[in-house]
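>>> whatever this is, show me its structure:
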Amino acid sequence: MLEKDYPHKDGIFVKELAFALDGVYSWLPRGYQHTFLIRDPKKIIPSYYKAAVGCGYQFDDWLPYSGGVKQLYDLFVYVTEMLGQEAIVIDAHDLCNNPRQMLQEYCKKAGLQFQEKMLKWEPYNNGHWHPIYSQGLSAESFKSKALQSSCFLPMSNTNVDMEGLPEYGVKQIKNAMPYYKLLYDKRIVLKT
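A predicted model of the protein is given here:
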């Protein structure tokens with residue numbers, strides 16, 4: 001489905017978690033510009049823990065090694081070294097705090113035309129999602145703020161409170177940070 005022609009579309013966007021590929025990169029569709037959206041593990045993992053607990057999930061059963069950041073880095077290496085593609089890396093904090101400039105730069109790198117409508121959308125605009133993602137507890141627990149949003153909202157620079165985060169989560173953050181820093185160094189940086 002992802003490799004068929006879409007003659008009247010300027011771009012097709014697909015979002016996936018790198019750890020879902022489980023290292024089987026032959027599953028990657030051909031012909032796509034790979035973009036890596038990163039976020040500080042000190043913010044990802046406590047947030048994930050809160051959502052997982054809210055759904056009744058066991059935290060250590062649902063989080064891959066390093067919170068998935070190592071798998072994201074491994075995929076980045078595959079895309080850049082094996083496919084020879086110049087992957088685009090965007091830090092979520094940068095995107096949310098400078099959406100217009102970041103999207104303009106992203107579009108330039110991806111060969112797309114920036115449009116103002118990229119900055120705003122209708123809340124609960126998920127009718128096109130596969131039912132497994134748009135229904136059930138996980139949709140509300142894991143994506144409620146995103147579903148309710150209508151634009152990019154600035155992210156705080158303050159650290160997330162890790163009080164109550166189990167040792168497993170602290171270990172995942174420690175495992176993730178070296179990979180996050182490697183990707184962070186490759187991110188789009190706006191010229192001042």
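>>> which strand or helix spans the spatially most central residue of the chain?
The centroid of the chain falls nearest to residue 37 when counting by C-alpha atoms, centre = their mean (4.2 Å). Element membership of residue 37, judged by DSSP states H and E, is strand 35-38.
>>> past that strand, which element shows up next along the chain?
Next along from strand 35-38, by DSSP H and E: helix 41-55.
>>> circling back: can you tell me the closest non-neighbouring residue to the residue nearest to the centre of the chain?
residue 90 (5.4 Å; C-beta to C-beta, 6 or more residues apart in numbering). Heads up, the C-betas are built off the backbone N, CA and C, glycines and all.
>>> mind checking how far residue 80 is from residue 117?
Distance of residue 80 to residue 117, given as C-beta to C-beta, to the nearest Å: 31 Å.
>>> which residues touch residue 103?
Taking C-beta atoms under 8 Å, 6 or more residues apart in numbering as the criterion, residue 103 is in contact with 95, 114, 118, 119.
>>> can you select the buried ones from the residues you listed in ChimeraX?
In ChimeraX syntax, the buried subset of those is picked out as below (16 or more other C-beta atoms under 10 Å):
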select :95,118
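>>> among the contacts of residue 103, which are in helices?
Using DSSP state H, the members of those that fall in helices are residue 95.
>>> OK, contacts around the residue nearest to residue 37?
Contacts for residue 90 (C-beta under 8 Å, 6+ apart) come out as 35, 36, 37, 38, 102, 106, 187, 188.
>>> would you map the helices across the chain?
Using DSSP H, helices in the chain cover 41-55, 59-62, 69-77, 92-97, 99-110, 131-134, 136-148, 167-184.
>>> highest average neighbour count across the ones you listed?
Comparing those by mean neighbour count (mean count of other C-beta atoms under 10 Å), helix 69-77 comes out on top with a mean of 20.
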